[in-house]
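Novice: Next come a sequence and a model predicted from it.
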Amino acid sequence: MSIRPIGKRVLVIEEKIEEKRASGLILPGSSEEKTIRYGKVTAVGGSVKEVAVGERVIFEGRSGRSIEDEGARYILLELEEILAVAEGER
C-alpha cells in the first residue's frame, strides 16, 4: 500500500531508540509514555513546505495516528505536531 498524506500532514516512520541508563540498563524505546519520539519523513502533504522527505523530525509521544503497513509502523502527524527537525548525526 502507498500512503500519501493530504493537506498539512506528514507521514513518518518511527525510529526505535533505546535509552541506556548509567547503570547499563537498556530501556526499550517503544513506550508511548515517552515525552518525545523521532521519525524519518517518508511523505508530505501538498501544503507542507517546512519539512521534506528524508528529514528526521521530533514530535511528542502521544502525537499523531499510528498506521501499520507491511510490518513497519508509520505515524501520520499534523504539521503542527512536529516540534523540530533533527539535523546532523545522533
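Specialist: Perfect, thanks for sending it.

Novice: tell me the mean pLDDT over the longest strand along the chain?
Specialist: Ranked by residue count, the top strand of the chain under DSSP state E comes out as strand 36-44. When pLDDT is averaged along strand 36-44, the result is 95.

Novice: List the pairing partners of it within its sheet, with orientation.
Specialist: Each strand paired with strand 36-44, and its direction, by DSSP bridges: strand 9-14 (antiparallel), strand 56-60 (antiparallel).

Novice: The last one: which residues count as buried?
Specialist: I take that to be strand 56-60. Neighbour-count burial for strand 56-60 flags 56-57, 59 (criterion: 16 or more other CB atoms under 10 Å). C-beta here means a position set from N, CA and C on the backbone, and glycine is covered the same way.

Novice: before we move on, back to that, run through who's touching the longest strand of the chain.
Specialist: Residues outside strand 36-44 that contact it (CB atoms under 8 Å, 6 or more residues apart in numbering) are 3-5, 9-15, 17, 51-61, 63, 74-75, 83, 86, 90.

Novice: In PyMOL, select just the buried ones from the residues you listed.
Specialist: Burial among the contacts of strand 36-44 is assessed by 16+ other CB under 10 Å; the matching PyMOL selection reads:
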select buried, resi 5+9+10+11+12+14+51+55+56+57+59+63+74+75
